[in-house]
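coords please:
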Amino acid sequence: MHTLTIEIPEQFEKKAVLLSIAVQLYQKGALTAKQAGDLAEVPMNDLIYYSLPDNDPAKVLIKPKRTYASTEAWIENLKKEQNYKGLDKERMRKLADEMDIQEPLELLLSQLTK
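This next block holds a predicted model:
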């Protein structure tokens, strides 16, 4: 493996430059997606995303992963993205009453594992 030292102007972020170089080398076939991802210090999925043209429909399927400070932050973001309003307890009680389930809970739970 060779070592290359590049001095970049202050206005450029190291991560963006590495990503740009890695994408170029990947697109030319000089590096595999894994190698290019390692070079850019991003997951392989993200590297492939950035190597696709902006109008490629596959971009919708492989959006870069976001990082969150905690699982709770991730869940809150999902709720916001999906406009989740929470469980409507009154509606659930009404549905349960309408179903009139007579079997014991233990029997119902045991059927879930079959």
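
Quick check, pLDDT for Lys59.
Looking at Lys59, its pLDDT is 83.

Where does it fall, secondary structure wise?
helix 58-61 (DSSP states H and E).

contacts for that helix?
49, 52 (CB atoms under 8 Å, 6 or more residues apart in numbering). C-beta: built from backbone N, CA, C; applies to glycine.

C-terminal to that helix, what's the next element?
Immediately after helix 58-61, counting by DSSP H and E, sits helix 71-81.

Buried ones in that next one, by neighbour count?
By neighbour count with 16 or more other CB atoms under 10 Å, helix 71-81 contains no buried residues.

Stretch 39-48 too?
Of all the residues in stretch 39-48, those buried under the rule 16+ other CB under 10 Å are 39-40, 42, 44, 46-48.

What about those residues, which are in helices?
Secondary structure assignment by DSSP state H places 39-40, 44, 46-48 of those in helices.

Mind putting the residues you listed into a markdown table with distance to Ala73 and pLDDT?
Output for these, formatted as a markdown table (distance: CB to CB, whole Å; pLDDT from 0 to 100):
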| residue | distance to Ala73 | pLDDT |
| --- | --- | --- |
| Leu39 | 29 | 91 |
| Ala40 | 25 | 90 |
| Met44 | 24 | 84 |
| Asp46 | 19 | 84 |
| Leu47 | 25 | 86 |
| Ile48 | 26 | 86 |
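
if we take these, which one ends up nearest to Lys79?
Proximity of those to Lys79 (CB to CB) peaks at Asp46, which lies at 24.0 Å.
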